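[1] Let me see the structure of the following:
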Amino acid sequence: MPQQGVELAGFGRRLAAQLLDLLWLMPLSVLLGTIGALANGGELSLGGELMANIIGTLLVLTFWVERQGTPGKLVLGLRIVDTETGLPPRFGRLVLRYLGYMISALPLCLGYFWMLWDARRQTWHDKMGRTLVIRLPQE
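    Numbering: from 1, shown residues only. Next comes the predicted model:
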């Protein structure tokens with residue numbers, strides 16, 4: 001468990017971070033899709049779409065590993081930490097957390113809203129990856 005006095009990130013701040021991330025991920029996805037379509041005679045192929053998704057996934061995981069958060073989280077002073085130690089999570093846990101995004105979204109995004117009544121403000125993907133999202137103290 002992270003040290004005493006650490007503030008868990010709230011729903012509004014996490015939602016705002018997600019929306020900020022969409023500002024860079026969506027144009028990147030469109031750009032990669034366009035490049036894939038141009039390379040395929042103007043049509044987006046399954047392979048091109050898969051490649052764009054893989055690149056997006058690797059970018060998000062790289063941010064999580066190197067910075068403990070995506071650009072949206074970083075701008076808003078949020079970090080992803082291991083539930084037991086409060087330290088940066090291991091790579092395997094971050095991969096599970098990322099895969100958990102799909103599970104969190106499946107039943108009408110219930111897994112994302114779960115944090116609203118969870119004592120540790122964990123979404124389903126946080127629980128899968130055994131992570132917490134904390135808010136850094138303001139300087």
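[2] quick one: the helices in the chain?
    Along the chain, the stretches classed as helices by DSSP state H are 11-39, 46-67, 71-75, 91-105, 110-113, 124-129.
[3] Relative to Val65, how far out is Val95?
    10 Å (Cβ to Cβ, to the nearest Å). For glycine as for every other residue, the C-beta is placed from the backbone atoms N, C-alpha and C.
[4] just Gly129 next, same as before
    Per Cβ to Cβ, Gly129 is found 12 Å from Val65.
[5] Over to Leu50?
    From Leu50 over to Val65 the distance is 22 Å, taken as Cβ to Cβ.
[6] who has more neighbours, these two?
    Neighbours were counted for Leu50 and for Val65 using other Cβ atoms under 10 Å; Val65 has more, 15 against 11.
[7] give me every residue that touches the nearest residue to Ala39 once chain neighbours are set aside.
    Of all residues not flanking Ala39 in the chain, Gly48 sits nearest, at 7.1 Å (Cβ to Cβ, 6 or more residues apart in numbering). Listed by Cβ atoms under 8 Å, 6 or more residues apart in numbering, the contact set of Gly48 reads Leu32, Gly33, Ile35, Gly36, Ala37, Ala39, Asn40.
[8] Go again with 10 Å.
    For Gly48, the contact set (Cβ atoms under 10 Å, 6 or more residues apart in numbering) comprises Leu32, Gly33, Thr34, Ile35, Gly36, Ala37, Leu38, Ala39, Asn40.
[9] and if you look at Gly10?
    For Gly10, the contact set (Cβ under 10 Å, 6+ apart) comprises Ala16, Leu78, Met115, Leu116, Arg121, Val133, Arg135.
[10] Could you report the distance from the third one to Gln68?
    As judged by Cβ to Cβ, Met115 and Gln68 stand 18 Å apart.
[11] likewise the last one?
    Arg135 sits 12 Å away from Gln68, taking Cβ to Cβ as the criterion.
[12] Return the distance of Leu116 relative to Pro27.
    Here Leu116 is placed at a distance of 30 Å from Pro27 (Cβ to Cβ).
[13] Give me the residue ranges of this structure where confidence is low.
    Residues of the chain meeting the criterion pLDDT under 70: 1-4, 139.
[14] again, 80 this time
    1-5, 36, 40-45, 47-48, 138-139 (pLDDT under 80).
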